[in-house]
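Peer 1: just to be clear, the model below is a prediction. Sequence and coordinates:
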Amino acid sequence: MAKDNLLGGSLWDAYSNKVTTLMNNPQHQGEITEEEAAAHGNKLIVADFGAESCGDAVRLYWEINPETDVIENAKFKSFGCGTAIASSDVMTELCLGKTVDEAVKITNIDVEKALRDDPDTPAVPPQKMHCSVMAYDVIKKAAGLYKGVDAESFEEDIIVCECARVSLSTLQEVIRLNDLKTVEEITDYTKAGGFCKSCIKPGGHEEREYYLVDILADTRRQMDEEKMAAAADAGAVGDFEHMTLVQQIKAIDAVIDESVRQFLVMDGGNMEVIDIKSSDEHIDVYIRYLGACNGCASSTTGTLYAIESTLKEKLSQKIRVLPI
Amino acid sequence: MQVYMDNNATTMTDPKVVEAMLPFFSERYGNPNSLHKFGTSTHLPLSKAIDQVYQGINAAEQDDIVFTSCATEANNWVLQSIWIDKMLNSDKNHIVTTEVEHPSILSTCKFLEDQGMKVTYLPVNEQGIVEAHTVRSFITDKTALVSIMWANNETGMIFPIQEIGEICKEKGVLFHSDGVQAVGKIPVDMQAVHIDFMSMSAHKFHGPKGVGALYIRDSQKLTPLFHGGEQMGGRRSGTLNVPGIIGMGKAMELATENIEATMALIRSKRDRLEDALLEMLDDVMVVGDRNNRTPNTILISVRGVEGEGMLWDLNNALIGASTGSACASEDLEANTVMLAIGADNELAHTGIRLSLSRFTTDEEVDYVIEAFTAAVKRLRAISSSYAKVGPSPGGEAQACDLLYHHENDVKVIH
């Protein structure tokens, strides 16, 4: 929210001239019949995506040369708003003259870019990006019908945000690399969730298989688990500063058992570790003297120095030992 | 020709109203609270405006009508202050409202739910109205307030306010009605119904924007929303919007002085438009019985034509209308009224609202009939819903199940 957002209702002003022109006068609107396709010796494929009850629907007609797999003629019909009709129109145009394998590589982002007046200004406002996704989906559907395969098989990766075409693996990688903690950060880094917002959490414009909130939570949980596993490994190789608290206590106890305790016991005393508090600069080890050590003059001087220097040498230079 | 058919959103300020307001900008600009003549010279015209508003809704002397900045303020005021006065520190924790209220009611109810209150959102029937017996069955001994609109903004359907008022009176529950779409459009007689609070807005009946009012029966207690000076008897602080109040008074007078005759005029044009569209177009449907609708409103569903696309073509023809279509909203949220009616999933995406006013002319109606049918023809020619060649085997798409509530899905949590 800021000055630019104070007035709403400028949805249509954000459309490119191309969107406006094609909505007013779509170039490839129409149908192709079996007879027309057969007359050219071509195969007709008709695919639907969406439905009136969903808010938008498109029917794509492809006349394909069976020898070359080239889409020689294409038409569409669409139930939808201005951007849905303009997206369908430009998508149909992009298919023309391509082979089915080439056409299936057309994405909704190609469709949106083809609707731009200038390369740097989006053709539609963010919440309308969604309309171009339908255009992309119907191509996959048509290609699947022609090749006799499932439309999903054209998708190499799981697409979580269809508007910005961001895959599950990309999201997981970006969350890890940048240590992202919120959905807003994910949107800033990847644009995922910045358009129709359906993929952010359940209950949006349409139901999704994957939601950003879940991906974030799962990835963060994995990261935490890995961190713990790394810490456990660090313990095994003796990287004291990256150990978990439990490992640090065990490591300190081990050093004390090995190098310190026997001398204290010889003098009728002992000690125990009470707590460890870590900051960036220091690792403070709180100890309590027991038996004869308690009140012994050297407990705050020579003995303390010996304990601290042993721990420093064996574990970390950051260690300070504080008797309480 | 350009035609404004969106009078449920706002109306043209009547030039007579503007004329009445003009002296109070640069000539008689004093603050009514001042002791000098600049201030006190506004008192007589303000009293007249107050009289006009009392008369327009037939409020009694002992009732209060407090001017606000808009009906959203009035709605917020009632809900938030009833919560403070009657629900906080009390065993009452429940509000009954409907699924089809204005966002200023629904969002405030959500806010109160966040504060721990319980709210029942009643569904509407296929006519788009809440039935009085439904209201009765959801009032409990925990209920502090019933808030139900007088007429709906999307459909124009008039709710059984008289019966609901009787039920609330009998049950001893406060009753608020958002009267924004009723006042100035249909007769509103506060002495003939039992309503404790009623919100209204001047710009919906050819008054200026930025002024509304809250009717309060018997001057009963309601903690102020705005604290400050002693304006409006301490009920609503803030320097009086003198031109706005005078404009609202004049607008009220003009809208209500011959309301039956004005209604009949608007109704005849509305009915002619509605009949023409129903006759000239196949596969169209109008929501709600026209005899129980505000006389200016048509909500028409046009099969195969998405609402925003239709609005686009109407706009190209210089016609201003409105749609409840999800695509036209900035957040793509499906329209609650359309979903609540639940008669037809497609309605949520194909509804177009045409709302007339007393300024709508016969020529404008003719022009809209022509442009509307032309737009439907063009868009149906593009529409997949009207395509002749069907999908290849396996190329069919699934329809969507839109979620809407059935009456028996509503649960009250005591």
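Peer 2: The structure has been received and is ready for your questions.

Peer 1: show me the contacts for the nearest residue in space to B:Met232 that is not next to it in sequence.
Peer 2: Nearest non-adjacent residue to B:Met232, counting by Cβ to Cβ, 6 or more residues apart in numbering or on different chains: B:Val66, 4.9 Å away. C-beta: built from backbone N, CA, C; applies to glycine. Contacts for B:Val66 (Cβ atoms under 8 Å, 6 or more residues apart in numbering or on different chains) come out as B:213-214, B:216, B:232-233, B:235-236.

Peer 1: pull the most distant pair out of those.
Peer 2: For the contacts of B:Val66, with distances taken as Cβ to Cβ, the pair at the greatest spread is B:Ala213 and B:Gly233 (13.6 Å).

Peer 1: any stretches of the stretch 301-414 of chain B with poor pLDDT?
Peer 2: B:324-347, B:401-414 (pLDDT under 70).

Peer 1: check which residues of stretch A:198-216 are buried.
Peer 2: A:198-200, A:204-205, A:208, A:210-213, A:215-216 (16 or more other Cβ atoms under 10 Å in any protein chain shown).

Peer 1: likewise stretch B:9-25?
Peer 2: Within stretch B:9-25, the residues that count as buried by 16+ other Cβ under 10 Å are B:11, B:13-14, B:17-18, B:20-21, B:24.

Peer 1: okay if I get the residues you listed as a markdown table plus secondary structure and distance to B:Ser177?
Peer 2: Shown next, in a markdown table, are the buried residues of stretch B:9-25 (DSSP: H, G, I helix; E, B strand; the rest coil; distance: Cβ to Cβ, whole Å):
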| residue | secondary structure | distance to B:Ser177 |
| --- | --- | --- |
| B:Thr11 | coil | 21 |
| B:Thr13 | coil | 25 |
| B:Asp14 | coil | 25 |
| B:Val17 | helix | 25 |
| B:Val18 | helix | 29 |
| B:Ala20 | helix | 28 |
| B:Met21 | helix | 28 |
| B:Phe24 | helix | 30 |
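
Peer 1: which outside residues touch stretch A:185-195?
Peer 2: Stretch A:185-195 is contacted from outside by A:126-127, A:129-130, A:160-161, A:163-164, A:166, A:170-171, A:174-175, A:178, A:180, A:183, A:199-200, A:212, A:216, using Cβ under 8 Å, 6+ apart.

Peer 1: what's the span of it from first residue to last?
Peer 2: The stretch stretch A:185-195 measures 14 Å between its terminal residues, going by Cα to Cα, to the nearest Å.

Peer 1: on that earlier part again, in strands, which of the contacts of stretch A:185-195 fall?
Peer 2: Among the contacts of stretch A:185-195, the members found in strands (DSSP state E) are A:160-161, A:166.

Peer 1: now rank the residues you listed by neighbours and give me the top one.
Peer 2: Ranked by neighbour count (other Cβ atoms under 10 Å in any protein chain shown), the ones in strands among the contacts of stretch A:185-195 have A:Cys161 at the top, with 29 neighbours.

Peer 1: in three-state terms, label the residue nearest to that one when sequence neighbours are not counted for me.
Peer 2: With sequence-adjacent residues excluded and distances taken as Cβ to Cβ, 6+ apart, A:Cys161 is closest to A:Ala192, at 3.7 Å. Secondary structure, DSSP: H, G, I helix; E, B strand; the rest coil: A:Ala192 is coil.

Peer 1: determine the number of other residues adjacent to B:Ala387.
Peer 2: Neighbourhood size, B:Ala387 [other Cβ under 10 Å]: 23.

Peer 1: mind checking the SS state of the closest residue to it other than its chain neighbours?
Peer 2: Distance criterion Cβ to Cβ, 6+ apart; nearest residue to B:Ala387, sequence neighbours excluded, is A:Lys77 at 4.2 Å. Classification of A:Lys77 by three-state DSSP places it in strand.

Peer 1: contact partners for A:Lys77?
Peer 2: Residues near A:Lys77 by Cβ under 8 Å, 6+ apart: A:29-31, A:58-59, B:382-384, B:386-387.

Peer 1: out of these, which are buried?
Peer 2: Counted by 16+ other Cβ under 10 Å, those give A:29-30, A:58-59, B:382-384, B:387 as buried.

Peer 1: B:Ile164 against B:Ser147, yeah?
Peer 2: No. Using Cβ atoms under 8 Å, B:Ile164 is not in contact with B:Ser147, being 10.3 Å away.
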